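1. Have a look; sequence and predicted model below, questions after that.
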Amino acid sequence: MRHQPTVAVKICGITKINQALEIASLGVNAIGIVGVKASQRYIPNKQRRELFRALEENYPKTERVWVVADPSEKEISEVLSGDGRPSIIQLHGKESMEVCRQLKNKYPFFQWWKALRIRQQEDLLIAQKYQDHADSILLDTWSSKVLGGTGDRLPLEWLTKINYQKPCWIAGGVSAEWIPELLSKVQPFGLDASSKLEDSPGIKDIKKVKSLLQAIKGQTMN
Ligand SMILES: O=C(O)c1ccccc1N[C@@H]1O[C@H](COP(=O)(O)O)[C@@H](O)[C@H]1O
């Protein structure tokens, strides 16, 4: 993985405007909203637009990530037009490399991330191949029950060996306690955290968000 002096942070699964603004004020790089209807963190169109609009007005440098799985063409064209748009689309389903490539060609002014749910170490080679078709790669854990937001972590020994050219984000169970071990072994471009920072699905414990940011700062300044 690419070495860098610090690590970008995305906090995902936000459902409330006040939490989005408070977390953005802490200096995170990206805020994610889940657009997968089966998720406990799903928020519908109107709320998503309001939340992204508030973020864009108050924290224009904070990336606004829309997390979706196998979205239809109609859904994409609706979400990417009008007010309260995302700046990044995180494809968290079974999108093929060809679909990723076509979406980037059609909507080049948005960033397209491909999330890969890693079930076994060999899956990291598949993730590597997606690099040519996405702006960033996000590695998450695989679960038979849900598409994301599991709180489960990838084995670090799998991650130490990867060396991607594109920005690589690690997701799955990211929290303050894991940071010393994680960042001593792996230098990802970014970390994506959600369920381990929650009081309940979709509601973040701001103290846990602050602890995560402190832990990252402490580790990257050493
Ligand atoms: O968070 C969800 O509910 C979710 C649902 C469907 C697809 C993706 C989802 N979240 C993504 O999962 C990881 C966070 O995992 P964790 O909770 O920290 O273990 C992150 O990439 C979210 O964008």
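-> Nice, I can see it.

2. so what's residue 27 closest to, chain neighbours aside?
-> Nearest residue to residue 27, sequence neighbours excluded (Cβ to Cβ, 6 or more residues apart in numbering): residue 213, at 7.3 Å. Just so you know, the C-beta spots here come from the backbone N, C-alpha and C atoms, and that holds for glycine as well.

3. contacting residues for the one you found?
-> 9, 26, 27, 28 (Cβ atoms under 8 Å, 6 or more residues apart in numbering).

4. Next one: the third one relative to residue 206, how far apart?
-> I take that to be residue 27. Distance from residue 27 to residue 206, counting by Cβ to Cβ, to the nearest Å: 13 Å.

5. need the residues of this protein near the ligand, please.
-> 12-13, 32, 34, 36, 39, 41, 67, 69, 90, 92, 115, 138, 140, 147-151, 171-174, 192-196 (Cβ under 6 Å from any ligand atom).

6. Give the closest residue to the spatially most central residue of the chain in space, chain neighbours not counted.
-> Closest residue to the average C-alpha location of the chain: residue 192 at 4.8 Å, with Cα atoms, centre = their mean. Distances taken as Cβ to Cβ, 6+ apart put residue 171 closest to residue 192, at 3.9 Å, once the chain neighbours are dropped.

7. What is the neighbour count of that neighbour?
-> Residue 171 is flanked by 28 other residues according to other Cβ atoms under 10 Å.

8. Ok, residue 182 next?
-> Quick note: residue 182 (other Cβ under 10 Å) scores 24 neighbours.

9. and the residue lying closest to residue 62 once chain neighbours are set aside, helix, strand or coil?
-> Counting by Cβ to Cβ, 6+ apart, residue 62 lies nearest to residue 24, which is 4.5 Å off, once chain neighbours are set aside. Following DSSP: H, G, I helix; E, B strand; the rest coil, residue 24 is assigned to helix.

10. need the contact list for residue 24.
-> Counting by Cβ under 8 Å, 6+ apart, the residues that residue 24 touches are 31, 55, 58, 59, 62.

11. From the chain's centroid, how far away is the longest strand out of those in the chain?
-> Ordering each strand of the chain by length in residues (DSSP state E) puts strand 111-118 first. Taking Cα atoms, centre = their mean, to the nearest Å, one finds strand 111-118 lying 8 Å from the centre of the chain it belongs to.

12. how about the residue nearest to residue 27, secondary structure?
-> helix.

13. one step back: parallel or antiparallel, list what pairs with the longest strand of the chain.
-> strand 88-91 (parallel), strand 136-141 (parallel) (DSSP bridges).

14. which helices and strands does the helix or strand just after that strand pack with?
-> Remark: after strand 111-118, the chain's next helix or strand is helix 123-130, criterion DSSP states H and E. For helix 123-130, the packing partners by 3 or more Cβ pairs under 8 Å, 6 or more residues apart in numbering; DSSP states H and E come out as helix 97-106, strand 111-118, strand 136-141.
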